[in-house]
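Engineer: fold the following for me, if possible:
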Amino acid sequence: MSRKIAVTGIGMFSAIGNDVHSHLESLMQGKSGISQLENFKTKYAGKIPVGEIKISSQSLYQQLDLNTPGITRTTLLALKAFKEAIASAGLSNALISSPDTAIINANTVGGMCLTDEMYADSKPGTPASAYLASYSFAATAVFLQEYYRAKGIINTINTACSSSANSIMYAARLMKAGKINRAIAGGSDSLAKFTVNGFNALRILSANPCRPFDVNRSGLNLGEGAAYLALEWEDDAKGKKIYGYLAGFGNANDSFHASSLSPEGYGPQLSMQTALEHSGLSSNQIDYINAHGTATENNDLVESIAMKKIFGKVPSFNSTKCLTGHTLGAAGALEACVSLLSLQEQKIFPATGFSKPISETNLVPVTRLTEMRLNHVMSNSFGFGGNCSSLIFSKP
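Structural biologist: Sure, this is the predicted structure:
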């Protein structure tokens, strides 16, 4: 019998909560964190709603008791959620630094959240700022490695919006391959001019709070946040609270377009099918799907088509991006944590903004707090370039 991978700790930080407890309260109420930009200057402030954490980077420095200069907001968010995850798992600093513990981080923007500083540092003859070593995608993972004096495998995953789902998947594969005994996996991303301007150029940002799976959806709301999961073998987690088991995972790429999924939903279909096959579960055993659900025209239609192909009668589903915004590299881990909280509470949390289904598929997401028996849940994360990942978590 194969060993089970248990989730023994989670940490969450987003526009709807500073920790797991506050996230649960917001989720139960269907409380949205979508608001207007406040933490940096941009001409789009007041025009494009976002899921912003209303704590300044300077305040986070103080809360985290840091005095090292040159730490980006992306890393500050990461450290806060990372600390909560390892604390809830009861992992000591000695265990975190052990060679058989991996730290797998994910992001999309990384240190490029400091767009203005990076631009200034690129000018010849300009004195280097304190952030010069912090612009890379790997900067957060390097910081966590140095902060905890980690000696195990350290890696950074960047596959756009599926990044932190893939960090969890990669960590599990390392465990199953016998390379490590435990891992802390997840991701972090902060709001920045880089992403606001970039997504606006694609014309997929909504001027209103987003409406996943609604026929009148008009685009996504960007968000920021961080989330991490502590993964351990079940037999090493005796006496600990287990949030759930990572029962299956799948990754696929439909290679259709740089920023769109194929109309047939090949990538999402294959990622969900692979996750089911890996878990040994049949499609009718999945009780709830936390969908990728970005509220863009392409994603929601394609994901709906793929779900119908896999499940026939689609189980209860919704997207919680209407509450947190799309947190990019953190989204997969954040929504994995939401899925685990659903298992823990035996509830599906309400999604907001929906009124009328997409005519081609006629699927209706869960919009009310719903108590039901949940044994197995799926969390979908689909990224630019067609990188599609699905995770399945099972009740302890």
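
Engineer: which pLDDT value belongs to Met1?
Structural biologist: As predicted, Met1 sits at a pLDDT of 51.

Engineer: could you do Tyr135 as well?
Structural biologist: Listed pLDDT for Tyr135 reads 84.

Engineer: in this structure, where's the longest helix?
Structural biologist: When the chain is scanned for its longest helix (criterion: DSSP state H), the result is helix 73-89.

Engineer: rounded to a whole number, what's the mean pLDDT of that one?
Structural biologist: According to the model, helix 73-89 has a mean pLDDT of 98.

Engineer: so who does the nearest residue to Leu77 once chain neighbours are set aside touch?
Structural biologist: Leaving aside its sequence neighbours, Leu77 sits nearest to Ala226 (Cβ to Cβ, 6 or more residues apart in numbering; 4.1 Å). From N, CA and C alone the C-beta is placed, and that goes for glycine too. Contacts for Ala226 (Cβ atoms under 8 Å, 6 or more residues apart in numbering) come out as 11-14, 77-78, 80-82, 186-189, 330, 333-334.

Engineer: got it, and Phe13?
Structural biologist: 19, 53, 77, 80-81, 84, 225-227.

Engineer: let's see 6 Å
Structural biologist: Contacts for Phe13 (Cβ atoms under 6 Å, 6 or more residues apart in numbering) come out as 77, 80-81, 225-226.

Engineer: those: which two are farthest apart?
Structural biologist: Distance extremes for the contacts of Phe13: the farthest pair is Lys80 and Gly225 at 10.0 Å, using Cβ to Cβ.

Engineer: which of these two has more residues huddled nearby?
Structural biologist: Gly225 (34 against 23; other Cβ atoms under 10 Å).

Engineer: now do the strands in the stretch 201-350 of the chain.
Structural biologist: 225-233, 244-253, 288-290, 316-318, 347-348 (DSSP state E, counting those that start in this stretch).

Engineer: out of the ones you listed, which one sits most buried?
Structural biologist: strand 225-233 (a mean of 30; mean count of other Cβ atoms under 10 Å).

Engineer: and the average pLDDT for that one is what?
Structural biologist: 98.

Engineer: quick revisit: okay if I get the strands of the stretch 201-350 of the chain as a markdown table plus distance to Thr195?
Structural biologist: Formatted as a markdown table, the strands of the stretch 201-350 of the chain follow (distance: least, Cβ to Cβ, whole Å):
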| stretch | distance to Thr195 |
| --- | --- |
| strand 225-233 | 13 |
| strand 244-253 | 22 |
| strand 288-290 | 22 |
| strand 316-318 | 24 |
| strand 347-348 | 29 |
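
Engineer: nearest to Ile242, of the contacts of Ala226?
Structural biologist: For the contacts of Ala226, the nearest to Ile242 is Gly11 (15.8 Å; Cβ to Cβ).

Engineer: what angle do the strand or helix carrying that closest one and strand 225-233 make?
Structural biologist: Gly11 belongs to strand 5-14 when elements are defined using DSSP states H and E. Angle, strand 5-14 to strand 225-233, by axes from the mean of the first three to the mean of the last three Cα atoms, to 10 degrees: 170 degrees.

Engineer: starting at the chain centroid, how far to strand 5-14?
Structural biologist: Strand 5-14 has its C-alpha centroid displaced from the chain centroid by 11 Å (Cα atoms, centre = their mean, to the nearest Å).

Engineer: in whichever helix or strand comes after it, what's buried?
Structural biologist: Per DSSP H and E, the first helix or strand lying C-terminal to strand 5-14 is helix 20-29. Across helix 20-29, burial judged by 16 or more other Cβ atoms under 10 Å covers 20, 23-24, 26-27.

Engineer: how close does the nearest residue to Thr140 once chain neighbours are set aside sit to Leu220?
Structural biologist: Leaving aside its chain neighbours, Thr140 sits nearest to Thr75 (4.5 Å; criterion: Cβ to Cβ, 6+ apart). Distance, Thr75 to Leu220, by Cβ to Cβ, to the nearest Å: 24 Å.

Engineer: which one's more surrounded, these two?
Structural biologist: More crowded of Thr75 and Leu220, by other Cβ under 10 Å: Thr75, with 31 against 24.

Engineer: touching, that one and Val142? I think so.
Structural biologist: No - applying Cβ atoms under 6 Å, one finds Thr75 not in contact with Val142, separated by 9.2 Å.

Engineer: residues contacting Gly11?
Structural biologist: By Cβ under 6 Å, 6+ apart, the neighbours of Gly11 are 81, 84-85, 228.

Engineer: quick check: the farthest pair among these?
Structural biologist: Farthest apart among the contacts of Gly11 - using Cβ to Cβ - are Glu84 and Tyr228, which lie 7.8 Å from each other.

Engineer: was I right about Ala78 contacting Ala141?
Structural biologist: No - counting by Cβ under 6 Å, Ala78 does not reach Ala141; the two are 8.8 Å apart.

Engineer: ok, the two, which is more surrounded?
Structural biologist: Just comparing Ala78 and Ala141: by other Cβ under 10 Å the higher neighbour count belongs to Ala78, 33 against 24.

Engineer: excluding its backbone neighbours, what's nearest the more buried one?
Structural biologist: Ser188 (3.6 Å).

Engineer: equivalent analysis for Gly111, please.
Structural biologist: Tyr135 (3.9 Å).

Engineer: neighbours of that neighbour, just the number please.
Structural biologist: 20.

Engineer: what distance do you get for the residue nearest to Leu77 to Tyr243?
Structural biologist: For Ala226 relative to Tyr243 (Cβ to Cβ), the value is 17 Å.

Engineer: contacts for the worst-scoring helix or strand of the chain on mean pLDDT, please.
Structural biologist: Ranked by mean pLDDT, DSSP states H and E, the weakest helix or strand in the chain is helix 115-121, scoring a mean of 76. Applying Cβ under 6 Å, 6+ apart, the external contacts of helix 115-121 come out as 126, 129, 131-132, 135, 192-194.
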